[in-house]
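**Student:** show me the folded form of this:
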Amino acid sequence: MPGTPPLESAPAVEKLAPKLARAAGALAVLSFGLALVVAPGAVLGNLLSVDAESIAGALLDVFVFGYILLKGAGLLSDGSELLLEVLNPGIIGGVVLPVLGALPDSLIILTALSAPAAEAQEQVAVGIGTLAGSTVLLLSLAWGVSVLLGRCDLSPLGVAVDKKHTRGWDLFNTGVTVDRDVRQGAQIMASSVLLYGFVQVPAFLGFSKSPQAALAGAAVCLIGMVAYCAYSVMYPGLQERRIDAARKKRFRMVAVKSLALQSSERYQAPLVDTYGRPIPSMVRQIFDDFDVDKNGYIDTDELPALLTTLKYASGGETVDEDGVKYLLKEFDTNADAQISYEEFDTALTRWVTEKLTSTAAAGGGGVQGFQRRYEQLMDPRSGGAAAAVLADLPYEDIEQLQETAAGLDQETPDEAAEDLEDQKPMSAAEIWRKSVLCLAAGVALCAVFSDPLVDALTNLSRATGIPPFVVGFVLTPLASNSSEFVSSLTFAARKRRKSMSLTLSQVYGAVTLNNTLVLGLFLMVVYLRGLEWVYSSEVTVIVASTLAIGFLGFSRSTFKAIWALPAIALYPLSLLGVYALDTFLGWQ
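**Tutor:** Sure thing, here's the model as predicted:
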């Protein structure tokens with residue numbers, strides 16, 4: 001009809017069709033999975049004309065339930081990461097992400113609570129295999145492959161150059177560099193293996209069935225998990241204060257050099273004597289230069305000129321209000337908004353001493369090493385303290401300050417665009433809605449299908465004769481830890497220090513949650529079902545792998561790519577280790 005607007009139903013249907021197709025596919029998979037839960041034997045028997053407890057039936061069960069658990073883990077990861085856009089990052093990153101990441105493994109272990117008494121010990125064996133496999137998978141394959149994938153050329157100073165990879169498979173001259181703060185995560189992860197001692201020590205002493213030890217261990221593990229999450233929540237604030245302190249230290253070190261340069265270039269005299277003490281006549285001369293109105297004080301109007309001079313050696317940073325406030329805080333001890341000569345001399349002496357001691361301490365070696373280097377700094381034959389205050393900080397100290405200070409730096413537009421590639425902006429309401437749906441669906445899938453997956457793994461173990469631990473070690477983590485694994489590789493592929501730091505932090509955090517939350521729930525199951533702790537070999541490979549990667553991660557910030565090979569080898573070596581300990585030492 002004339003004047004009637006054109007119909008738009010066809011385009012609307014075209015946009016809706018793909019969504020309906022995906023919904024139908026998801027419903028079909030869910031329906032098939034629910035059918036397997038209700039009557040797995042009947043469904044698989046009709047499909048394959050074999051018993052569900054046969055090898056073929058068990059394999060199909062494992063594949064279907066594993067795939068559903070894989071999708072559940074992915075939904076949990078997607079939903080929790082979406083919350084980062086609308087909630088406090090400390091809460092999400094410190095509590096929600098790690099706990100939800102550990103949820104699939106936790107639910108698999110909790111299935112032993114509902115198992116018949118005759119099968120509980122067997123299902124717990126699948127659970128310990130899941131725990132060990134998850135931990136070793138993260139420490140070996142996720143860590144090692146991420147290092148290989150994220151490797152960049154190493155500079156002459158041994159630091160990876162972001163986005164530069166021209167040396168191919170030269171594993172000795174390529175590698176990755178992470179922020180020094182990542183080392184702390186590795187240290188916490190390595191320390192968490194002490195929690196296994198609550199049940200493992202009694203087991204070594206012959207008390208494999210000790211409810212008291214299992215209960216105490218469960219309680220301490222869960223307390224450790226709460227403490228770790230609390231630390232993670234508070235860590236952004238602690239990190240910000242640490243960064244601020246590092247920047248201020250760098251400013252003080254640069255200020256000493258700037259004043260020493262001014263003394264040397266303008267007055268042709270050193271700032272300090274052979275003992276490292278500021279020379280009073282030089283300090284007075286510098287003070288008088290900034291006391292423009294000659295009233296005996298450097299007041300607030302004269303501070304910007306002083307601040308500009310103090311920053312001279314760093315390339316002339318801009319003068320800001322925060323810098324003026326910091327100068328007053330450092331120099332103006334009586335808080336009268338002006339700096340007297342005595343205050344100036346006291347603060348400068350403190351800064352000079354700090355620079356000399358920082359320079360001497362940077363090389364390590366304890367007290368003796370510090371004393372030796374301090375004596376060398378003061379040796380007149382090498383220029384003495386006057387040369388030391390003119391020198392730059394040692395490379396190690398500069399690297400630490402720059403790396404730490406870079407923690408608050410914003411991404412460049414190119415980096416931000418890369419991180420948001422293929423993502424469309426969403427409103428807060430859309431983020432909330434999608435996040436809640438993802439989390440609800442992920443929790444539902446993991447909760448419903450964890451028990452059937454364990455039953456399927458148990459059936460597969462019986463049908464093939466493969467120990468339950470090996471089945472759980474190899475197969476279950478591929479589903480339960482897939483989101484962490486894929487996420488680690490995705491970030492590593494960006495070949496940037498920031499991305500690599502996030503990758504290894506994620507690995508260390510996931511293993512720490514395994515050693516606290518998941519182990520705590522495992523010990524609670526052992527206590528409630530009155531089970532024996534007969535997993536000495538499994539615990540040994542978990543502890544050995546965690547300590548190996550933890551020590552490596554704590555000992556350095558740069559990893560040559562060659563380190564990825566022994567890390568990846570941990571995965572097959574762990575399986576061989578369990579076999580050897582069980583077979584030759586009888587640790588079953």
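**Student:** report how many residues lie close to S114.
**Tutor:** 10 (other CB atoms under 10 Å). C-beta here means a position set from N, CA and C on the backbone, and glycine is covered the same way.
**Student:** typo on my end, it should be D288
**Tutor:** 13.
**Student:** so which helix or strand takes in it?
**Tutor:** helix 280-290 (DSSP states H and E).
**Student:** mind giving me the packing neighbours of that helix?
**Tutor:** Counting contacts by 3 or more CB pairs under 8 Å, 6 or more residues apart in numbering; DSSP states H and E, helix 280-290 is packed against helix 211-267, helix 303-310, helix 341-361.
**Student:** wait, which of these is closest to C438?
**Tutor:** C438 lies closest to helix 211-267 among those, at 21.1 Å (CB to CB).
**Student:** closest one to E330 among the helices and strands packed on helix 280-290?
**Tutor:** Nearest to E330, of all those, is helix 341-361, at 5.4 Å by CB to CB.
**Student:** the closest one packs against which elements?
**Tutor:** Using 3+ CB pairs under 8 Å, 6+ apart, helix 341-361 sits against helix 211-267, helix 280-290, helix 321-331, helix 366-378, helix 384-390.
**Student:** rerun at 6 Å
**Tutor:** helix 211-267, helix 280-290, helix 321-331, helix 366-378 (3 or more CB pairs under 6 Å, 6 or more residues apart in numbering; DSSP states H and E).
**Student:** okay if I get the helices and strands packed on helix 280-290 as a markdown table plus distance to T476 and mean neighbour count?
**Tutor:** Output for the helices and strands packed on helix 280-290, formatted as a markdown table (distance: least, CB to CB, whole Å; neighbours: other CB atoms under 10 Å):
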| stretch | distance to T476 | mean neighbour count |
| --- | --- | --- |
| helix 211-267 | 20 | 17 |
| helix 303-310 | 59 | 19 |
| helix 341-361 | 48 | 18 |
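**Student:** is it possible to get a markdown table of those helices that adds distance to V64 and mean pLDDT?
**Tutor:** Below are the helices and strands packed on helix 280-290 laid out as a markdown table (distance: least, CB to CB, whole Å; pLDDT from 0 to 100):
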| stretch | distance to V64 | mean pLDDT |
| --- | --- | --- |
| helix 211-267 | 32 | 78 |
| helix 303-310 | 68 | 76 |
| helix 341-361 | 60 | 79 |
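**Student:** related to what we said a few turns ago, and the helix holding D288 with helix 211-267, angle?
**Tutor:** 80 degrees (axes from the mean of the first three to the mean of the last three CA atoms, to 10 degrees).
**Student:** partners of whichever helix or strand comes after helix 280-290, with directions?
**Tutor:** On the C-terminal side of helix 280-290, the closest following helix or strand by DSSP H and E is strand 297-299. Within its sheet, and counting by DSSP bridges, strand 297-299 is paired with strand 338-340 (antiparallel).
**Student:** what residues does the strand it pairs with touch?
**Tutor:** By CB atoms under 6 Å, 6 or more residues apart in numbering, the list of residues contacting strand 338-340 from outside reads 297-299, 331-332.
**Student:** where in the stretch 1-150 of the chain is pLDDT low?
**Tutor:** Applying pLDDT under 70 to the stretch 1-150 of the chain flags residues 1-53, 77, 80-81, 83-98, 117-118.
**Student:** all helices for it, in order.
**Tutor:** Along the stretch 1-150 of the chain, counting by DSSP state H, counting those that start in this stretch, helices occupy 9-38, 40-48, 55-82, 89-91, 97-110, 117-137, 143-150.
**Student:** do the stretch 401-550 of the chain as well
**Tutor:** Counting by DSSP H, counting those that start in this stretch, the helices of the stretch 401-550 of the chain are 413-419, 428-464, 468-474, 476-480, 482-492, 497-513, 519-529, 536-555.
**Student:** next, format the ones you listed as JSON lines and append mean pLDDT and mean neighbour count.
**Tutor:** Formatted as JSON lines, the helices of the stretch 401-550 of the chain follow (pLDDT from 0 to 100; neighbours: other CB atoms under 10 Å):
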{"stretch": "helix 413-419", "mean pLDDT": "41", "mean neighbour count": "12"}
{"stretch": "helix 428-464", "mean pLDDT": "79", "mean neighbour count": "19"}
{"stretch": "helix 468-474", "mean pLDDT": "78", "mean neighbour count": "23"}
{"stretch": "helix 476-480", "mean pLDDT": "74", "mean neighbour count": "25"}
{"stretch": "helix 482-492", "mean pLDDT": "71", "mean neighbour count": "21"}
{"stretch": "helix 497-513", "mean pLDDT": "85", "mean neighbour count": "25"}
{"stretch": "helix 519-529", "mean pLDDT": "90", "mean neighbour count": "23"}
{"stretch": "helix 536-555", "mean pLDDT": "93", "mean neighbour count": "21"}
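**Student:** how about those helices in CSV, adding distance to T274?
**Tutor:** Output for the helices of the stretch 401-550 of the chain, formatted as CSV (distance: least, CB to CB, whole Å):
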stretch, distance to T274
helix 413-419, 49
helix 428-464, 64
helix 468-474, 66
helix 476-480, 64
helix 482-492, 51
helix 497-513, 41
helix 519-529, 59
helix 536-555, 38
